[in-house]
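K.L.:
Provided below are the primary sequence and the corresponding predicted coordinates.
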Amino acid sequence: MRNELNTDFWKNALEQLPPGVRQRHLHDIEAAERWELRLQALIELCTRAKDALARLFQTPRSAH
């Protein structure tokens with residue numbers, strides 16, 4: 001399991017915390033970033049699946 005922040009949003013969120021509480025909330029911010037990245041990947045997967053299904057069932061325009 002990785003224990004570093006990769007996105008600017010979460011890095012900035014951690015930096016905005018007072019120095020005395022950063023370490024206490026580091027684990028929560030890392031977990032939030034992981035959830036965000038997982039949800040983003042799931043949304044992208046669903047979008048690709050929807051597009052693939054739409055292409056699969058698309059009626060050809062030149063059908064006569």
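P.N.:
On my side now, so go ahead.

K.L.:
report pLDDT for residue 1.
P.N.:
With respect to pLDDT, residue 1 has a value of 48.

K.L.:
how about the strands in the chain?
P.N.:
In the chain, no strands are defined using DSSP state E.

K.L.:
next, the buried residues of the helix ranked longest in the chain.
P.N.:
Identified as the longest helix of the chain according to DSSP state H is helix 19-56. By 16 or more other C-beta atoms under 10 Å, the buried positions in helix 19-56 come out as 29, 30, 33. All C-beta spots, glycine's among them, are computed from the backbone N, C-alpha and C.

K.L.:
now the residues you listed in TSV, with pLDDT and distance to residue 50?
P.N.:
Below are the buried residues of helix 19-56 laid out as TSV (pLDDT from 0 to 100; distance: C-beta to C-beta, whole Å):
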residue	pLDDT	distance to residue 50
29	97	32
30	97	31
33	98	26
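
K.L.:
now, which of those residues sits nearest residue 21?
P.N.:
Each of the buried residues of helix 19-56 was scored against residue 21 by C-beta to C-beta, and residue 29 proved nearest at 11.0 Å.

K.L.:
which stretches of the chain have low pLDDT?
P.N.:
1-3, 63-64 (pLDDT under 70).

K.L.:
hmm, back to that, same for the longest helix of the chain, what does it pack against?
P.N.:
In terms of contacts (3 or more C-beta pairs under 8 Å, 6 or more residues apart in numbering; DSSP states H and E), helix 19-56 is packed against helix 8-16.
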